[in-house]
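**Q** Fold the stuff below for me.
(one chain, ligands or ions: 2)
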Amino acid sequence: ELRAPPDKIAIIGGGIGGTSAAYYLRQKFGKDVKIDVFERGEVGGRLATLNVQDQEYEAGGSVIHPLNLHMKRFVKDLGLSTVQVSSGLVGVYDGEALVFEESSWFIINMIKLIWRYGFQSLRMHMWVEDLLDKFMRIYRYQSHDYAFSSVEKLLHALGGDDFVGSLNRTLLETLQKAGFSEKFLHELVAPVMRTNYGQNLDINTFVGAVSMACTDSGLWAVEGGNKLVCSGLLRASKSNLISGSVMSIEEKTRTKQTGNPTKMYEVVYQTGSETHSDFYDIILVATPLNRNMANITFLNFDPPIEEFHQYYQPIVTTLVKGELNSTFFSSRAKDKFGLSTVLTMDNLDLFINSVGITSSVRNKDDPQPSTDGTHVWKIFSRETLTKAQILKLFLSYDYAVKKSWLACPQYKPPEKCPSIILHDRLYYLNGIEWAASAMEMSAIAAHNAALLAYHRWNGRTDMIDQDGLYEKLKTEL
Ligand SMILES: Cc1cc2nc3c(=O)[nH]c(=O)nc-3n(C[C@H](O)[C@H](O)[C@H](O)COP(=O)(O)OP(=O)(O)OC[C@H]3O[C@@H](n4cnc5c(N)ncnc54)[C@H](O)[C@@H]3O)c2cc1C
Ligand SMILES: CC(C)=CCC/C(C)=C/CC/C(C)=C/CSC[C@H](N)C(=O)O
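**A** Numbers count the residues shown, from 1 in each chain. Ligands and ions are numbered 1, 2, ... in the order given. I've put the predicted structure just below:
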């Protein structure tokens with residue numbers, strides 16, 4: 001009883017969101033629908049590498065959590081390989097001294113943590129695990145084809161009012177209420193938020209928990225670069241890549257070959273200096289709808305499609321091949337400085353968020369030991385580093401390269417996530433980033449949007465926004 005599939009679907013954005021949407025749309029709508037993916041830059045978007053002396057290093061999205069099952073599945077289906085990622089020994093710098101340093105001995109490390117923070121580290125681990133446990137329900141819902149019409153409804157199905165409420169409370173409020181000490185929050189939790197999202201404890205609780213999950217063991221990456229997942233998904237979905245920038249979308253009535261007048265969307269796009277247009281039955285927007293980022297105009301929609309005035313956080317990734325000036329962080333002799341990563345506390349005077357040794361996308365498991373004290377270091381900062389700043393951080397350096405990002409939303413709870421359904425057959429994926437920005441979140445949003453588009457096309461409202469899914473599916477074999 002299904003309606004004939006649509007003729008043409010457009011996806012705007014060739015990052016992990018757009019390419020995984022292509023993959024799931026192909027699964028649902030079958031082989032006959034034509035899928036065009038518009039990408040104005042590089043396929044991969046915020047998954048990108050930078051080259052340092054003939055080796056590639058992740059410059060954007062770099063680590064994947066062991067429980068990120070969509071990413072895991074893509075890698076398996078595409079025949080890609082994975083590598084383990086470790087940040088080595090981590091220290092925390094407050095602007096004057098190291099306030100905490102990991103030890104390579106597990107027991108010593110535990111004693112150090114307990115000595116300074118009591119059992120809060122363990123409690124934090126349990127808090128994140130509890131959230132992850134509920135978060136994992138999404139995979140079951142999606143494998144049974146259930147979809148959600150808003151990010152809030154999706155979160156509610158996972159963790160009830162508590163999950164939705166976590167968008168409205170700062171991480172600081174939540175963790176203070178849970179009894180975590182100021183010392184623990186400012187010395188250990190804030191530096192993790194600063195390195196991952198370039199922000200502080202005022203971000204929403206949900207993204208705070210996702211960010212803390214990034215300190216779990218077992219993080220991994222794709223051998224050869226995470227962006228290989230995007231190009232692989234494009235190929236596997238047999239989509240057509242259009243290298244161009246979408247400028248506007250407008251709904252128009254067209255007469256199809258069948259002779260029926262049909263409402264379609266006209267996409268106007270630019271390739272080089274040429275302007276083209278084409279018509280689509282369904283559109284998925286898979287890029288942040290922010291004037292600085294996508295610059296897409298929605299023409300003549302009634303009611304108008306809101307302009308998105310939400311800001312994204314600038315983060316600069318700088319890769320430096322050189323010898324770290326460890327005296328910047330510690331008075332200890334250089335051969336006694338064993339840290340591979342230094343996180344920083346929320347200190348306005350500090351010009352970096354973090355600095356850490358990084359391995360090439362082909363060499364993560366087996367990095368070449370340094371014979372001359374030099375490594376490739378990855379630095380996250382809010383602004384572009386000056387040469388003088390790089391020279392403060394390094395005794396000497398051979399090479400430096402940078403990439404500037406509008407990396408993720410500037411989180412300011414209470415948060416209302418942008419709509420998924422922008423118009424009848426026009427969907428938006430990146431609203432989910434306002435809950436938390438991560439590769440897996442984009443993949444989840446893509447799967448959800450593909451299911452939503454499919455069910456709405458076929459009038460299957462019973463598969464959308466179902467209450468009590470957890471209980472219902474618990475009893476299903
Ligand atoms: C420095 C950094 C570190 C990160 N680290 C991690 C990490 O370790 N782990 C993790 O899980 N996540 C990480 N993230 C987050 C993760 O990279 C993103 O959440 C994810 O890649 C977003 O994917 P997306 O497809 O939704 O958006 P994007 O990757 O931004 O894709 C959108 C695409 O749309 C294209 N586009 C925009 N406008 C138009 C237009 N008008 N026409 C055509 N194309 C258009 C853009 O060129 C872009 O390629 C990091 C991000 C950054 C910046
Ligand atoms: C979505 C869930 C449940 C978990 C994802 C956890 C995760 C991998 C979050 C990523 C957070 C993020 C934006 C990290 C950026 S920096 C990463 C790393 N430290 C680096 O050096 O590149």
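
**Q** And for His423, nearest residue in space, chain neighbours not counted?
**A** Phe301 (6.0 Å; C-beta to C-beta, 6 or more residues apart in numbering). Where C-beta positions appear, they are placed from N, C-alpha and C, glycine not excepted.

**Q** doesn't Asn295 make contact with Ser248?
**A** No. Look at Ser248 against Asn295 with C-beta atoms under 8 Å: they stay out of range, at 9.7 Å.

**Q** Let me see the backbone angles for the one residue in the stretch 151-300 of the chain that gets nearest to ligand 2.
**A** Per C-beta to the nearest ligand atom, Asn196 is where the stretch 151-300 of the chain lies closest to ligand 2, at 3.8 Å. In terms of degrees, to the nearest 10, the main-chain angles of Asn196 are phi -80, psi -40.

**Q** now swap in Trp115 and tell me
**A** Residue torsions, per degrees, to the nearest 10, at Trp115 are phi -60, psi -40.

**Q** that older thread, quick one: the residue of the stretch 151-300 of the chain closest to ligand 2 and Gly208 touch, right?
**A** No. Asn196 sits out of contact with Gly208 when judged by C-beta under 8 Å, with a separation of 9.6 Å.

**Q** Pull out the buried residues from stretch 69-77.
**A** Within stretch 69-77, the residues that qualify as buried are Leu69, His70, Met71, Lys72, Phe74, Val75, counting by 16 or more other C-beta atoms under 10 Å.

**Q** For the longest strand that the chain contains, name the packing helices and strands.
**A** Taking DSSP state E as the criterion, the chain has its longest strand at strand 394-409. Judged by 3 or more C-beta pairs under 8 Å, 6 or more residues apart in numbering; DSSP states H and E, the packing partners of strand 394-409 are strand 49-52, strand 312-324, helix 387-393.

**Q** circling back to that earlier point, who has more neighbours, Asn196 and Gly208?
**A** Using other C-beta atoms under 10 Å, the more surrounded residue of Asn196 and Gly208 is Gly208, with 30 against 27.

**Q** Which pLDDT value goes with the more buried one?
**A** Here the pLDDT value assigned to Gly208 is 98.

**Q** Then Ala157?
**A** With respect to pLDDT, Ala157 has a value of 98.

**Q** can you check the one 10 residues further on too?
**A** According to the per-residue confidence, Leu167 scores 98 in pLDDT.

**Q** Kindly report the same for the one 4 residues further on.
**A** For Leu171, the model assigns a pLDDT of 98.

**Q** Look up how far Thr271 lies from it.
**A** 43 Å (C-beta to C-beta, to the nearest Å).

**Q** So for these two, which residue has more residues nearby?
**A** Between Leu171 and Thr271, Leu171 has the larger neighbour count (other C-beta under 10 Å), namely 28 against 13.

**Q** three-state assignment of Val75?
**A** Under DSSP: H, G, I helix; E, B strand; the rest coil, Val75 falls in the helix class.

**Q** contacting residues for it?
**A** Ser81, Thr82, Val222, Val229 (C-beta atoms under 8 Å, 6 or more residues apart in numbering).
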